[in-house]
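# the following block contains a protein sequence and its predicted model.
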Amino acid sequence: MWELKEYRFAATAQEAGALRRQGPGKGAYIAGGTDMYLQPVDCDFVVDINNAGLSDIARTPAGDLFLGAATTLHNIATNPLVADFAEGMLIQAASHCGNRPVRSTATVGGNLCHALPSADMAPVLLALDATCYIADEESQESVPLADFFVSPRVTVLDDRLLVGLALPAEAATRRCASYKLTRSAEDISLVQVVVALGVENGKIETARIALGAVAPVPMRAVLAEAQLVGQSVADISLDLVADAAAIAAGECEPRDDHRASAEYRRDMVRVLTRRQIMKALHDETTITKDSGGTVA
Amino acid sequence: MKIEMELNGRAVTHEIDPGANLLSVLRGMGQFSVKLGCETGDCGSCTVLLDGEPVNSCVVAAARTHSHKVTTLEGLLGDPLMKELQQELVDKGAVQCGYCSPGILISLYAHFRAGNELTDHHLREALTGNLCRCTGYVKPLEAALTVAQNQQGGPDEQGGAS
């Protein structure tokens, strides 16, 4: 049983902030709450934001995608506005999170605010340059998702509310590939890798390699990304892709737990990053097999 | 705290603990089709509909259902689609101990009612989150596929289920 003195309802984001700061005692926001019952948050009261107008999904005329923080994962997984964004990567991530009934209530904001290293939605949102919109009563602040996570279960929020996420139109056309390595389809990830490549005139202009469950917080492998920028899609070499993957494996900071060893996770980052880069490059590429290595 | 929800089409007022999960509150209200299984959102035996969407009532705050609609299997017993799903589970031998059956029925009912695609793939997806330790997963899927075929006006239309 979750010891809770009070359950409050907020009708707007502003009211949510006010209700939380009103006291007495320690408050927390609640949306889907699916994780709250697994590991109850130490608090005296919660503020429900499910009906605070934070559940919308929208595309701006310019093509930016906006996800309200209280949008459920099922809504993301089935929303046509999300389907053609970045080759359906968001749908893939959302529909591989938990199981069908969990996705009915679990929200994208909750997934991020819970700030687990294995947060299923974090890598894809990092790879698509998501910006977090954070509100308190006086102001709105926007923070790149890359700066949102501080340490396991800790974000930059304090008692402020994450109201939504924006993904730039430019990310919508990235070539993407992702892989979630798990023991079973419904389990949390052992390793998650998302690759998103912005290609212009046959050259990789932007590269994003985002990793989950292999560091204290979801992360980008920025050194590996740098390796790919400026490369021609048509004649990128297999060695270079393998190098980038090895660099990514060097950048992550996995740890041992009951699901997998740190050593295994690091090696899977290398293998899966290489495969996802290859997949993201599609069929157009005629990768030079200069080392005689195999693609797999 | 006091909550007012619409349970199976009837407005009800109920006194609850602010931290109580929906599962315990529904069972306290006599909704015994809602089974306590894992209490971690993994097994699906406590599945109910919240505003028409299947949810694991063990990981949903009861307080959250204030001003919302909750439907349990008890509320769907007269529903023709539910009757057909139940009969098909029986006919296919998809019910052994029966503990997971309410959750499976609610999950399938939600999927059919929402007008989702009724392919093998989509029905498997609809059944995710429902663990069964005795019958297994083939027979419930066969039952669902048969109902799907009937719904889509297949050769067995208005067949054995009526």
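The structure has been received and is ready for your questions.
# for whichever residue of the stretch 101-250 of chain A sits closest to chain B, which non-adjacent residue is closest in space?
Nearest to chain B, among the residues of the stretch 101-250 of chain A, is A:Ser104, at 4.1 Å (C-beta to the nearest C-beta). Glycine gets a C-beta too; all of them are placed from N, C-alpha and C. In this structure, A:Ser104 finds its nearest non-sequential neighbour in B:Glu53, 4.1 Å apart by C-beta to C-beta, 6 or more residues apart in numbering or on different chains.
# same check on A:Val143?
A:Cys132 (4.9 Å).
# ok, now which ones touch the residue nearest to the spatial centre of chain B?
Closest to where the C-alpha atoms of chain B average out (C-alpha atoms, centre = their mean) is B:Ile106, at 1.4 Å. Each residue near B:Ile106 by C-beta atoms under 8 Å, 6 or more residues apart in numbering or on different chains is listed here: B:47-49, B:54, B:71-73, B:76.
# helix or strand: which one has it?
helix B:101-113 (DSSP states H and E).
# am I right that the residue of the stretch 101-250 of chain A closest to chain B is in a helix?
Yes - read with DSSP: H, G, I helix; E, B strand; the rest coil, A:Ser104 is one of the residues of a helix.
# how many residues are close by it?
Counted with other C-beta atoms under 10 Å in any protein chain shown, the neighbours of A:Ser104 add up to 26.
# kindly report the same for the one 10 residues further on.
As a burial measure, A:His114 scores 17 neighbours (other C-beta under 10 Å).
# for it, which residues are in contact?
A:His114 neighbours (C-beta under 8 Å, 6+ apart): A:35, A:153.
# equivalent analysis for the one 4 residues further on, please.
Residues in contact with A:Ser118 (C-beta under 8 Å, 6+ apart) are A:188-189, A:192, A:212-213.
# three-state assignment of A:Glu138?
From three-state DSSP, the assignment for A:Glu138 is coil.
# pLDDT value on it, please?
Among the per-residue scores, A:Glu138 shows a pLDDT of 77.
# please apply the same query to B:Asn116.
94.
# look up the closest residue to it, ignoring the ones flanking it.
Leaving out its chain neighbours, B:Asn116 is closest to B:His122 (C-beta to C-beta, 6+ apart), at 5.8 Å.
# neighbours of the one you found, how many?
Count around B:His122 with other C-beta under 10 Å applied: 14.
# relative to A:Arg220, how far out is it?
According to C-beta to C-beta, to the nearest Å, B:His122 and A:Arg220 sit 34 Å apart.
# contacts only, for the residue in the stretch 51-200 of chain A that chain B sits nearest to.
Nearest residue of the stretch 51-200 of chain A to chain B: A:Asn99, at 2.9 Å (C-beta to the nearest C-beta). Residues in contact with A:Asn99 (C-beta under 8 Å, 6+ apart) are A:186, B:41-42, B:44, B:128-129.
# out of those, which is nearest to A:Val143?
B:Gly41 (29.5 Å; C-beta to C-beta).
# near chain A, which residues of chain B?
Neighbours of chain A within chain B, by C-beta under 8 Å from any C-beta of the partner chain: B:1, B:17-21, B:39-42, B:44, B:47, B:50, B:53-56, B:58-61, B:63-64, B:66, B:107, B:125-129.
# so how do I select the buried members of those in PyMOL?
Buried residues within the residues of chain B next to chain A, by 16 or more other C-beta atoms under 10 Å in any protein chain shown, are selected in PyMOL with:
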select buried, chain B and resi 1+17+18+19+20+21+39+41+42+44+47+50+53+54+55+56+58+59+60+61+63+64+66+107+125+126+127+128+129
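# in strands, which of the residues of chain B next to chain A fall?
With DSSP state E as the criterion, strands contain B:47, B:50, B:53-56 from among the residues of chain B next to chain A.
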